[in-house]
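sharing a sequence plus its predicted fold:
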Amino acid sequence: MNIFFTLDYELFLGSETGTLQNSIIIPLRHFTDMLDKYNVKTTIFVDAAYLLRIRQLKANSPALENDYSLVCNNIAELSNQGHDIELHFHPQWIYSNYNDQKWDLDANHYKLSDLPMDVALNSFTESKKLLESISGKEVRAFRAGGFSLTTFNNYIQLFKDNNISIDSSVIRGEHIHSNLHSYDYRDVPNKTLYSFSSNINQEDQNGEFKELSISTVPLISLHYLLKKQIAKNIFDPIITWGDGCGIGYGNMANEAKQKVNKLLRKVNLAAGLDSYSSLLLPYTYNLFKNKIDNLNFVAIGHPKAFSEGSIKQVENFIIKVKDSNKFLTCSDIKLGKEYE
């Protein structure tokens with residue numbers, strides 16, 4: 001089986017973004033140091049809209065000038081170490097501002113489809129080129145911010161115009177429609193890696209694009225809550241480094257509604273590397289392998305949500321499965337290594 005560790009390289013997206021050092025660079029260094037012991041590489045989806053906005057504003061702020069230098073050096077270092085640097089894009093950065101040593105994020109443009117078409121197309125292309133200039137390598141894979149890709153009607157043309165051949169925005173079986181997030185991935189093919197042409201939800205064996213969907217397993221809500229509580233009782237989920245806060249579903253009323261809806265339907269447990277989700281990684285892996293797809297398994301993580309405990313849990317997972325599986329990145333898909 002092929003196992004893909006994928007990371008979203010991003011700050012927190014709520015009222016407090018957190019610091020670059022504590023929310024990304026330090027936890028990611030701890031994580032990659034652990035991976036080095038087993039010669040495992042990861043795919044890192046870098047929020048290039050954030051990079052673009054820092055570059056645009058750094059001339060007016062010594063703090064941003066320093067952050068831009070730090071983040072460029074960090075991405076180049078990760079690329080030189082053999083980790084796969086690919087494109088992530090949170091549109092809210094495009095109209096965000098930096099005042100009094102603090103980011104003021106623009107929640108009104110949270111999805112690609114929230115941006116004016118010309119702004120979306122130009123900023124996407126510009127951010128991709130910027131990321132490639134920093135990593136020194138071609139970017140061919142993409143993950144949409146908030147997984148909200150399909151509301152942007154021109155995403156196929158966007159991929160073609162920017163030489164994107166691999167997407168990893170699909171979180172299998174999940175759906176949500178709110179002012180911040182909007183997607184429906186309930187009817188995707190029953191496999192992790194598949195080709196598509198004009199619709200990301202439909203397989204086309206002759207399609208020019210590939211989808212590497214995030215692995216999930218369906219659970220009854222109460223079963224999920226029980227698993228979650230057991231994990232909480234066993235494993236301390238307190239974030240060791242991250243110093244920001246997330247945005248949730250957009251507002252308290254909508255967040256409460258989404259939580260109630262989850263109680264009334266089946267939920268999908270994603271293969272996660274964060275916090276107490278890392279303790280459930282072996283469970284998710286085994287269930288996914290036996291019930292859904294025994295060829296490819298994709299886990300998602302966020303350095304901002306890492307802790308010493310979660311990194312240790314991921315290490316334990318690697319130790320258990322490394323002898324019978326291959327750890328791959330999106331670059332290996334480009335080279336066809338997932339078929340070897």
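Sure, I can see it.

per-residue confidence for residue 260?
At residue 260, the predicted lDDT confidence score is 55.

what of residue 257?
pLDDT at residue 257 comes out at 55.

for the host helix or strand of residue 228, give the mean pLDDT please.
Per DSSP states H and E: residue 228 is located in helix 221-234. In this model, helix 221-234 has an average pLDDT of 69.

same check, this time on stretch 316-332
97.

in that stretch, what's buried?
317, 318, 321, 327, 328, 329, 330, 331, 332 (16 or more other C-beta atoms under 10 Å). All C-beta spots, glycine's among them, are computed from the backbone N, C-alpha and C.

just the closest of those to residue 95, please.
residue 330 (29.0 Å; C-beta to C-beta).

run a quick check on that closest one versus residue 86, I expect a contact.
Yes - between residue 330 and residue 86 there is a contact at 5.6 Å, judged by C-beta atoms under 8 Å.

so what sits against both of these two?
43, 140, 141, 166, 168 (C-beta atoms under 8 Å, 6 or more residues apart in numbering).

can I get stretch 106-116 in CSV? Just the C-alpha atoms.
Output of stretch 106-116 as CSV, limited to C-alpha atoms (Å, rounded to 0.1, in the frame of the first residue of the first chain):
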residue,chain,number,x,y,z
ASP,A,106,-10.7,39.1,5.1
ALA,A,107,-13.4,36.5,5.8
ASN,A,108,-15.6,37.8,3.0
HIS,A,109,-13.3,36.2,0.4
TYR,A,110,-12.7,32.8,2.0
LYS,A,111,-13.3,30.6,-1.1
LEU,A,112,-11.9,30.9,-4.6
SER,A,113,-15.4,31.6,-5.9
ASP,A,114,-15.6,34.6,-3.5
LEU,A,115,-12.9,36.4,-5.5
PRO,A,116,-13.6,38.4,-8.7
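
ok, residue 328 - contacts?
2, 3, 4, 337, 338 are the contacts of residue 328 under C-beta under 8 Å, 6+ apart.

could you find the closest non-adjacent residue to it?
Counting by C-beta to C-beta, 6 or more residues apart in numbering, residue 2 is the residue found nearest to residue 328 once chain neighbours are left out, at 4.9 Å.

show me what the one you found is bridged to.
On the basis of DSSP bridges, residue 2 is bridged to residue 296, residue 326.

burial measure for it, as a count.
20 (other C-beta atoms under 10 Å).

am I right that it is in contact with residue 329?
No - counting by C-beta under 8 Å, residue 2 sits too far from residue 329 to count as a contact (10.1 Å).

highest neighbour count among the contacts of residue 328?
residue 4 (28 neighbours).

summarise which helices and strands whatever helix or strand it lives in is packed against.
For residue 4, the enclosing helix or strand under DSSP H and E is strand 2-9. In this structure, strand 2-9 makes packing contacts with helix 26-36, strand 43-47, strand 296-301, strand 326-328, helix 330-334, judged by 3 or more C-beta pairs under 8 Å, 6 or more residues apart in numbering; DSSP states H and E.

picking that back up, which members of the contacts of residue 328 are the farthest-apart pair?
3 and 337 (12.8 Å).

so where's the stretch 51-200 of the chain shaky on pLDDT?
For the stretch 51-200 of the chain, no stretch is flagged by pLDDT under 70.

which residues of it fall in helices?
Residue ranges of the helices in the stretch 51-200 of the chain, as given by DSSP state H, counting those that start in this stretch, are 62-80, 117-135, 155-161.

in a markdown table: these, plus mean neighbour count.
Shown next, in a markdown table, are the helices of the stretch 51-200 of the chain (neighbours: other C-beta atoms under 10 Å):
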| stretch | mean neighbour count |
| --- | --- |
| helix 62-80 | 16 |
| helix 117-135 | 18 |
| helix 155-161 | 16 |
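
could those go into CSV alongside distance to residue 101?
What follows is these, written out as CSV (distance: least, C-beta to C-beta, whole Å):
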stretch, distance to residue 101
helix 62-80, 6
helix 117-135, 24
helix 155-161, 34
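
among the ones you listed, which is nearest residue 99?
Between the helices of the stretch 51-200 of the chain, helix 62-80 lies closest to residue 99; by C-beta to C-beta that is 11.1 Å.

distance of the residue in the chain sticking out farthest from the centre from residue 202?
For the chain, the largest distance from the centre (C-alpha atoms, centre = their mean) belongs to residue 60, which lies 30.1 Å off. Here residue 60 is placed at a distance of 46 Å from residue 202 (C-beta to C-beta, to the nearest Å).

filter the shared contacts of residue 330 and residue 86 down to the buried ones.
By 16+ other C-beta under 10 Å, these give 43, 140, 141, 166, 168 as buried.

quick one: contacts for the third one?
So that's residue 141. 43, 45, 84, 86-87, 164-168, 212, 330, 333.

what do you get if the cut-off is 7 Å, keeping everything else the same?
Residue 141 sits next to 43, 86, 87, 166, 168, 330 when contact means C-beta atoms under 7 Å, 6 or more residues apart in numbering.

what bridges to the fourth one?
What that stands for is residue 166. Beta bridges link residue 166 to residue 141, residue 210 when assigned by DSSP bridges.

looking at it, it is touching residue 140, isn't it?
Yes - if you go by C-beta atoms under 7 Å, residue 166 and residue 140 touch, sitting 5.9 Å apart.

which of the buried residues of stretch 316-332 sit farthest apart?
Longest span within the buried residues of stretch 316-332, C-beta to C-beta: 317 and 331, 22.0 Å.
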